[in-house]
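[1] how would this look folded up:
(2 chains)
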Amino acid sequence: MARYSIFSLLSHARSGHADWPLAWRDPEPRRAYEVVIVGGGGHGLATAYYLAKEHGITDVAVLEKGWIGGGNTGRNTTNVRSDYLLEPNAHFYEFSLKLWEGLSEDLNFNVMLSQRGRLITAHFDSQADALIRRANAMRVHGIDSEFLTREQVRQRVPLMDFSPTARFPITGGFLQPRAGIARHDAVAWGYARAADARGVDIVQNCEVTGIRIDAGRVTGVETSRGFIGARKVAIVVAGNTSRVAAMAGLRLPIESHLLQAMVTEPVKPILDVMLSFGAGHFYVNQSDKGELVIGGDMDGYNSYAQRGNLPMIEHVAAAAVTVFPCFSRLRILRHWAGIMDMTMDGSPIIGKTPIEGLYLDGGWCYGGFKATPASGWVCAYTIAQDRPHKLNERFNLARFSRGYLIDERGVGNVPAAH
Amino acid sequence: MIIPCPWCGERPHTEFAYGGDATIRRPAEPAAASDAEWFDYLYIRPNPAGAHRELWHHAFGCGQWIEVRRDTLTHRIEGATPASGAEIDRDG
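    Take a look at the predicted model:
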């Protein structure tokens, strides 16, 4: 792999940038691999990269039915943070954030991480209490967090409605200073390039249609390009976890829902923090291009359509202009939706399955992007060692039947938590 | 989406609250049900891509629970019936 640097940039500038080498190969799939990873999104590509880098396993193929990063990796709102209350989540997402902080250097690919902080506004006392509790729990776990006064929030986000007649008076705010946003395509491309450089085959336009199991042990996958043998297979297909797992006879505690997001036309820099409106369904950050990237809540019904309905867009936009009156004349450029695999406790599933050699990494609800590096890291560990790492042992599939839920929201078995 | 409520006719889905997969059945005899049966009921979902039978509550309408047949890949709604299985006599 030719390293990217200021020198490679200058030398290619001399030839008009006409002869940059391809960032990764486009190989024909071989007949068998040691490890086959189903799904070429950020998580699958990260799994392949860490298998090669941390465990020396390079006889690996990533099979992607479309193009890499074309699913949820390219449909999220690019938030990266580790502001969780419960211990398994706190340690896992903090590990992920630490990987993010070194990722551009590690991959030699600029993922454009911008640690601008994430602020959740508080509007009433019980909400402030819950946010302070969360901030304190994070500090106990060694993670940065602050609780801001109304004046401190006003200094950070003066465009919010601080008037005496505000519909949602702002009483304070919860801040994780190290949270940030990253360029989501670059994450897929960076992991793909770095994994390819270590010998991993990335095979696009190769849909897995079946999983072959012999006497309780996985032996390979049927694909649109023929059978590919494998000693180990990992299902890393957020948005299609139930469907692919069903090929191996697994029934999962997951419902797939849709989540919409939208961007406005670009404007000059007006917002230098990721802002979540704590009393409703609306959050926003400003992209490097100047667009406001806006997200909200799920539409709330099962869907694989990758598109949603307008009432939720209206609901989110209403919240946006309520707390940011100055947004009211911005036009929406585009909106879209991704498929969220919602587990019954709002936490992911990463680990072994009842089938030998078959591993599962999915159920990311609507928070998978920030987890990409850690998800790949622990999934690679679990595959290589055939046992979970300490960071993902609590995210096992058996926790639902055994009653050890990781229920961050504290609402029981609802496939709508996060 | 427009949901054809068997009682009220075609209404926008914003009048309804979603109630999830209609094929999930609570164990008929709770005290006699095994842990595995409870686990299935509480957690396991078929989660199909395609035809889906699902419950909706007409919360801002007649207040009835209905069973809707909807395609999760296209959002196309095939029809709806009372969740109770009641026969509707519109003339009565």
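[2] List phi and psi for A:Ile383.
    The phi and psi values for A:Ile383, taken as degrees, to the nearest 10, are phi -70, psi -50.
[3] mind checking the end-to-end distance for stretch A:257-273?
    Chord length of stretch A:257-273, first to last residue, is 28 Å (CA to CA, to the nearest Å).
[4] dump the residue contacts of A:Val157.
    In this structure, A:Val157 makes contact with A:Leu119, A:Leu271, A:Val273, A:Leu275, judged by CB atoms under 8 Å, 6 or more residues apart in numbering or on different chains. (C-beta placed from N, C-alpha, C; glycine too.)
[5] In space, what's closest to the second one - neighbours in sequence excluded?
    Nearest-residue entry for A:Leu271: A:Gln286, 4.4 Å, with adjacent residues in sequence omitted and distances by CB to CB, 6 or more residues apart in numbering or on different chains.
[6] Return the set of buried residues in stretch A:408-416.
    Residues of stretch A:408-416 classed as buried under the neighbour-count rule (16 or more other CB atoms under 10 Å in any protein chain shown) are A:Glu408, A:Asn413, A:Pro415, A:Ala416.
[7] so what's residue 24 scoring on pLDDT?
    Here I'm looking at chain A. With respect to pLDDT, A:Trp24 scores 97.
[8] ah, I was thinking of chain B
    Predicted confidence (pLDDT) at B:Ile24: the value is 94.
[9] tell me which element the nearest residue to it once chain neighbours are set aside falls in.
    Beyond its immediate neighbours in the sequence, the residue positioned closest to B:Ile24 (CB to CB, 6+ apart) is B:Tyr41, lying 6.4 Å away. Take DSSP states H and E as the rule and B:Tyr41 turns out to sit in helix B:35-43.
[10] Give me the below-cutoff pLDDT ranges for chain B.
    Under the criterion pLDDT under 70, the flagged ranges of chain B are B:89-92.
[11] residues from it in reach of chain A?
    Residues of chain B lying close to chain A by CB under 8 Å from any CB of the partner chain are B:1, B:12-14, B:18, B:20-21, B:35-36, B:39, B:42-47, B:49, B:52, B:54, B:70, B:72-75.
[12] mind redoing it with 6 Å?
    Proximity of chain B to chain A is assessed by CB under 6 Å from any CB of the partner chain, with B:1, B:14, B:18, B:39, B:42-45, B:47, B:49, B:52, B:72-73, B:75 identified as the residues in range.
[13] From the structure, what's the count of residues near A:Met274?
    As a burial measure, A:Met274 scores 26 neighbours (other CB atoms under 10 Å in any protein chain shown).
[14] Please tell me how far A:Arg387 sits from A:Gly351.
    Between A:Arg387 and A:Gly351 the distance, using CB to CB, to the nearest Å, works out to 9 Å.
[15] Neighbour count: these two, which is higher?
    Regarding A:Arg387 and A:Gly351, a neighbour count based on other CB under 10 Å identifies A:Gly351 as having more, with 22 against 10.
[16] Which pLDDT value belongs to the residue of the stretch 251-400 of chain A found nearest chain B?
    When CB to the nearest CB is the measure, the stretch 251-400 of chain A has its nearest residue to chain B at A:Pro253, with 3.8 Å between them. The confidence metric pLDDT takes the value 97 at A:Pro253.
[17] got a list of what it touches?
    A:Pro253 is in contact with A:Thr343, A:Met344, A:Phe400, B:Tyr43, B:Ile44, counting by CB atoms under 6 Å, 6 or more residues apart in numbering or on different chains.
[18] which SS state does the most centrally placed residue in chain B fall under?
    Among the residues of chain B, B:Leu55 comes closest to the average C-alpha position under CA atoms, centre = their mean, at 1.6 Å. Secondary structure state of B:Leu55, per DSSP: H, G, I helix; E, B strand; the rest coil, is strand.
[19] That one reaches B:Ala17, doesn't it?
    No. B:Leu55 sits out of contact with B:Ala17 when judged by CB atoms under 6 Å, with a separation of 9.3 Å.
[20] Can you flag the buried ones in the contacts of A:Val157?
    Burial by neighbour count, 16+ other CB under 10 Å: within the contacts of A:Val157 this picks out A:Leu119, A:Leu271, A:Val273, A:Leu275.
[21] what's the most distant pair in these?
    The most widely separated members of the buried ones among the contacts of A:Val157 are A:Leu119 and A:Leu271, with 10.2 Å between them, by CB to CB.
[22] Might you enumerate the residues of chain A proximal to chain B?
    With CB under 6 Å from any CB as the criterion, chain A meets chain B at residues A:242-243, A:251, A:253-256, A:300-305, A:309, A:311, A:344, A:400-401, A:413.
[23] so of those, which ones are in strands?
    Using DSSP state E, the members of the residues of chain A next to chain B that fall within strands are A:Ile254, A:Glu255, A:Ser256, A:Gly300, A:Tyr301, A:Asn302.
[24] Which residues are in contact with A:Ala234?
    With contacts taken as CB under 6 Å, 6+ apart, A:Ala234 has the following neighbours: A:Ile37, A:Tyr359, A:Ile383.
[25] in the sheet, who's paired with the nearest residue to it once chain neighbours are set aside?
    Nearest-residue entry for A:Ala234: A:Tyr359, 4.3 Å, with adjacent residues in sequence omitted and distances by CB to CB, 6+ apart. Beta bridges link A:Tyr359 to A:Ala234, A:Lys352 when assigned by DSSP bridges.
[26] so what's the backbone phi/psi at the residue of chain B most remote from its centre?
    Ranked by distance from the centre of chain B (CA atoms, centre = their mean), the top residue is B:Ala32, with 25.9 Å. B:Ala32 adopts backbone torsions of phi -90, psi -10, taken as degrees, to the nearest 10.
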